[in-house]
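Q: I'll drop the sequence and a predicted model, then ask my questions.
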Amino acid sequence: MPSCRELAVEIGVNHKTVERAYGELMKEGFIESIPKKGYFVSGSKSKNPMIREILSNLKAQGISKEEIEDALAELYGEEL
């Protein structure tokens, strides 16, 4: 994604407006910021891409949602 300043110039708004918008998108998990590299679209709304990758791998191996929920409940000692 373009930097805040680049996008602000491109669409003709103040860069602070773009910073606020990017902040909201990050808060919602749609984009992520990597320091000194820029902004990137997230692969999912998950704030932790590692979790998304692990869950995708489990699903690909045929593990059901219920099995994952049971394992999490056992691990954390609570009902989901």
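A: Thanks, I have the structure now.
Q: and the helix or strand where residue 58 lies, what does it pack onto?
A: Here residue 58, judged by DSSP states H and E, is contained in helix 49-60. The contact analysis (3 or more C-beta pairs under 8 Å, 6 or more residues apart in numbering; DSSP states H and E) places helix 49-60 against no helix or strand. Every C-beta, even on glycine, is put in place using the N, C-alpha and C of the backbone.
Q: now the following helix or strand past it, how far from the centre of its chain.
A: The C-terminal neighbour of helix 49-60 among helices and strands, as given by DSSP H and E, is helix 65-76. Remark: helix 65-76 is offset 22 Å from the chain centroid, using C-alpha atoms, centre = their mean, to the nearest Å.
Q: helix 65-76 versus helix 49-60: what angle between them?
A: Helix 65-76 and helix 49-60 are oriented at 130 degrees to each other (axes from the mean of the first three to the mean of the last three C-alpha atoms, to 10 degrees).
Q: report the beta-bridge partner residues of the residue nearest to residue 1 when sequence neighbours are not counted.
A: Among residues not flanking residue 1 along the chain, residue 39 sits closest, at 4.2 Å (C-beta to C-beta, 6 or more residues apart in numbering). Going by DSSP bridges, residue 39 is paired in beta bridges with residue 33.
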